[in-house]
Structure formats: structure tokens, C-alpha cells
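Engineer: Fold the stuff below for me.
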Amino acid sequence: MSKDNLAGRVPVAAVQGLIEDALTAAGLPRADASLCARLMAEADLTGADAHGVFRLPQYVRRLKAGGFNARPNITVTKSAPATALVDGDNGMGHLVMSRAAETAIALAREMGVAWVGVRRSNHAGPAGLYAEMPAAQGMIGLYAAVANANHMAVWGGADPLLGTNPLAIGVPSGAGPVVLDMATTVVSYGTVKNYALQGKSMQPGWMVNTATGEDIIDARKSAEGLLLPIGGYKGSGLAIMLGLLAGPLNRAVFGRDVVDFNADDKSETNTGHFIIALDIARFLPLADYTAEVDRHIGELKASRRLPGVGEIRMPGERRRQSRAERTRDGLPLSAALVAQLDRLAAELDVRPLAER
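Structural biologist: Predicted structure coming up:
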């Protein structure tokens, strides 16, 4: 973020407090607002800037419009020894997915592995949050979801029938969880929205105009085009398969049935997710596995580099570095976002960031 766009560094406790107070004022019970605030602040700490406090105004709009159920009855149906289905009752996605992750970890402790499907959920922030939860408990975590809006076409198509459908995988290591968190598009749509808010230009290869086939550089014109998949047809295929696992398998939406939660604050989205947890101790002692992970990561990082490459980075490194830096120095918030949050605080009659 350039210095011109940066309002300054804000302590994470102040941001988390604002989120909790705002969500409570918008109708969530305080305990639920506190959990959502912690997970949203964690998104900002780990560098997922399009999925943390940036989303707060949108979440508040949906709560006030009835798009979220502020007091959901989240239920878990155990369908077999190692499988379960979570019905989120249209609650906030962070609440629903936290319950799903807890369920997967508990089942995996008992059975060695667990697959937990989720239906009637909502946007839950960055995928890495949930893949990291089993990894922090000595397990392997794998998470995917149907995105909350369609901004991609099937390879060769021009109709927006696919979402960014994210995938995250987490494994433990000596330095902390190694987490891969990726959209199946070149960038997430949240990044596009963040760029539009700040008036920043996008890079070529992110979005194309469906009428001309040319790159869209102005993020404010994103409605005129589609996001491009990672790896060409491979990214499109991956988005399809993840969507079929997270959507129809859980009786959740996919394809044309997806509700664009950016444009519709009132309708239930019936978002589908799934999370898998695998107990490493069923294969080998956890310490032996983490030692092997550390050895291989060390070898990969120490491998010969191409000319001009300063450092070889591994999944999860940026998350850990960002968390340490931002815990120490505060969260970098754009001036445009701070102004938006100040207006929201005034609307909800809660203390703004500057007073925390």
C-alpha cells in the first residue's frame, strides 16, 4: 500500500474492538460478535486485507437488511463415523465455519479423519483461517468453498457462472502451520473491491472485458468483465470441481444458483463449504512429521535460484511474517477505508478507531 493511500497503522486491538462493537450494534449477540471480530482481525493480521475489517460495512448492511440471521441455530448432523453436515441456519459464515472446523477436529481425533460439509452458510473470510485450525491441532486441514458471487466463466465462456472458489491446505511444521490459501482466479474479487475503494489500478491479466476481450485496469469497471482463472483451463476446472464438492454435495448453491452478496443484502445465500481434518498421528508421530516438513522446506528454500530472484518463499511464510509485523506495528489501513469505518461508527453510535 502506498504512503499516499495509507492512513496509518492502527493497533489490532482497536480494529477488533470496533468490529465487535459494530456487529453487536447491528444485532449480533456479543459473544458471536466477539468471535467474528477475532477471526476478521486475524485475517488482517495475516495479510488478507480484503477479508478483514474491510468487509465490516458490508456485513453490517446484510445484518440490518436481514440477509444474515443474527441469532442462528447452527446444527450438526453426524451422518457416519467420520462425516457430518453443518446447517448454518443462514448465520454469519465465521460462526458457521468455526463450528464446522471444531466438528472436523473432534471427529478426526476419534476416527483419524473427518469430512464435514456445510450448507446455509455465508462469506467466512479467507480460506486459510479454517485450514489452519486443524494444523494448529497437529492435523492436516483442507478447506474449500463456493464463493459468494460469480466473477469467472468456464474456460472459453463469457457468462459468469463460476466463483473464485477458494482452496486452502494447512500442515503443521516446527515454525508454525504451513498454509496455502488461494483463489482459483488470479486474484480474489475482494482484492478488486479493495483496489476500487482506494482508486488503485489493477494489473493486466486479472480481469478481461467480456465485450472486447481487453484487460480491465480500472477496478471501478469490474462489472464490465470477468476474473481470469489461475493456470488457464486448469484453474477453471479446479473451480468447477471444488464447487461441486462444496455446493451440490451439501445441498448448497453452485453455478447459476449463486446469490451475489455484493449486490443483494437481503437474500439468503446458502453458501456451501467443506473442511477435511486428518490426524497425522494415525500415520506417524507428529514430531517426526514436522521434522520432515522442516527438512524439506529448508531444502526447498536453499535450492538454487533463478537470476534476479532474491528469496524462495514457502506457503505460510508471508502469513507468519505479516502477523508478527502487524501485531508489533499495527494494521495498515487505507485512508479511504478509515473514512468508511468512521462513517459506519457514527451510524451505529459506537466509538470510532481514533478513540480506541
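Engineer: Just the pLDDT at K3, thanks.
Structural biologist: The score at K3 is 48. That number is its pLDDT.
Engineer: scratch that, I240
Structural biologist: 98.
Engineer: Against which helices or strands is the helix or strand harbouring it packed?
Structural biologist: Secondary-structure element containing I240, defined by DSSP states H and E: helix 233-246. Using 3 or more Cβ pairs under 8 Å, 6 or more residues apart in numbering; DSSP states H and E as the contact criterion, the elements in contact with helix 233-246 are strand 139-145, strand 271-279. No exception for glycine: its C-beta is placed from N, CA and C like everyone else's.
Engineer: so what does the next helix or strand after the first one touch, helix or strand wise?
Structural biologist: Beyond strand 139-145 on the C-terminal side, the first helix or strand identified by DSSP H and E is strand 167-171. Using 3+ Cβ pairs under 8 Å, 6+ apart as the contact criterion, the secondary-structure elements in contact with strand 167-171 are helix 128-135, strand 139-145, strand 178-182.
Engineer: What strands line up against strand 167-171, and which way round?
Structural biologist: Applying DSSP bridges, strand 167-171 is found paired with strand 139-145 (antiparallel), strand 178-182 (antiparallel).
Engineer: tell me the average confidence for the shortest one?
Structural biologist: It refers to strand 178-182. When the per-residue pLDDT values of strand 178-182 are averaged, the result is 96.
Engineer: Quick one: residues in contact with whatever helix or strand comes next after it.
Structural biologist: Remark: after strand 178-182, the chain's next helix or strand is helix 189-198, criterion DSSP H and E. Taking Cβ atoms under 8 Å, 6 or more residues apart in numbering as the criterion, the residues outside helix 189-198 that touch it are 1, 5, 49-51, 54-55, 147, 149, 151, 164, 201-202, 206-207, 219-220, 222, 227, 262, 334, 336-337, 340.
Engineer: Stretch 274-287 too?
Structural biologist: Under the criterion Cβ under 8 Å, 6+ apart, residues 97, 100-101, 104-105, 107-109, 112-118, 130-131, 134, 138-145, 172, 245-246, 249-250, 289 lie in contact with stretch 274-287.
Engineer: For ChimeraX, write the selection for the buried entries among the residues you listed.
Structural biologist: This is the ChimeraX syntax for the buried subset of the contacts of stretch 274-287, where burial follows 16 or more other Cβ atoms under 10 Å:
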select :97,100,101,104,105,107,108,112,113,114,115,116,117,118,130,131,134,138,139,140,141,142,143,144,145,172,245,246,249,250,289
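Engineer: correct me, but S79 touches L85?
Structural biologist: Yes: counting by Cβ atoms under 8 Å, S79 touches L85, with 5.8 Å between them.
Engineer: And these two? Which one has more around it.
Structural biologist: For S79 against L85, the residue with the higher neighbour count under other Cβ atoms under 10 Å is L85, and the figures read 20 against 12.
Engineer: where does the more buried one land in three-state SS?
Structural biologist: Three-state call for L85 (DSSP: H, G, I helix; E, B strand; the rest coil): strand.
Engineer: Tell me which residues touch it, please.
Structural biologist: Under the criterion of Cβ under 8 Å, 6+ apart, the contact partners of L85 comprise 76-77, 79, 116-119, 250.
Engineer: so of these, which ones are in strands?
Structural biologist: Residues of these located in strands (DSSP state E): 76-77, 79, 116-119.
Engineer: Below-threshold pLDDT in the protein: ranges please.
Structural biologist: By pLDDT under 70, the weakly predicted segments of the chain are 1-7.
Engineer: What separation is there between the most centrally placed residue in it and G190?
Structural biologist: Taking Cα atoms, centre = their mean, the centroid of the chain lies closest to P126, which sits 1.4 Å from it. The span separating P126 from G190 equals 9 Å under the rule Cβ to Cβ, to the nearest Å.
Engineer: Now do the shared contacts for those two.
Structural biologist: H51.
Engineer: related to what we said a few turns ago, just the contacts of L85 now: which is nearest E268?
Structural biologist: E268 has its nearest neighbour among those in R119, at 10.8 Å by Cβ to Cβ.
Engineer: Wait, that closest one touches D89, no?
Structural biologist: No: using Cβ under 8 Å, R119 and D89 do not qualify as a contacting pair, with a distance of 9.8 Å.
Engineer: between these two, which one's more packed in?
Structural biologist: Under the neighbour definition other Cβ under 10 Å, R119 and D89 were set side by side, and R119 has more, 21 against 17.
Engineer: partners of the more buried one in the sheet?
Structural biologist: Taking DSSP bridges, one finds D87 as the beta-bridge partners of R119.
Engineer: OK, contacts around it?
Structural biologist: When the contact criterion is Cβ under 8 Å, 6+ apart, the partners of R119 are 85-88, 250-252, 270, 272.
Engineer: let's see it at 7 Å
Structural biologist: Applying Cβ atoms under 7 Å, 6 or more residues apart in numbering to R119 gives the contacts 85, 87-88, 250-252, 270, 272.
Engineer: JSON lines for those residues, including distance to A43?
Structural biologist: As requested, the contacts of R119 are exported to JSON lines (distance: Cβ to Cβ, whole Å):
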{"residue": "L85", "distance to A43": "26"}
{"residue": "D87", "distance to A43": "24"}
{"residue": "G88", "distance to A43": "19"}
{"residue": "N250", "distance to A43": "23"}
{"residue": "R251", "distance to A43": "28"}
{"residue": "A252", "distance to A43": "22"}
{"residue": "N270", "distance to A43": "23"}
{"residue": "G272", "distance to A43": "20"}
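Engineer: most neighbours, which of the residues you listed?
Structural biologist: Neighbours were tallied for each of these (criterion: other Cβ under 10 Å), and the maximum of 29 neighbours falls on G88.
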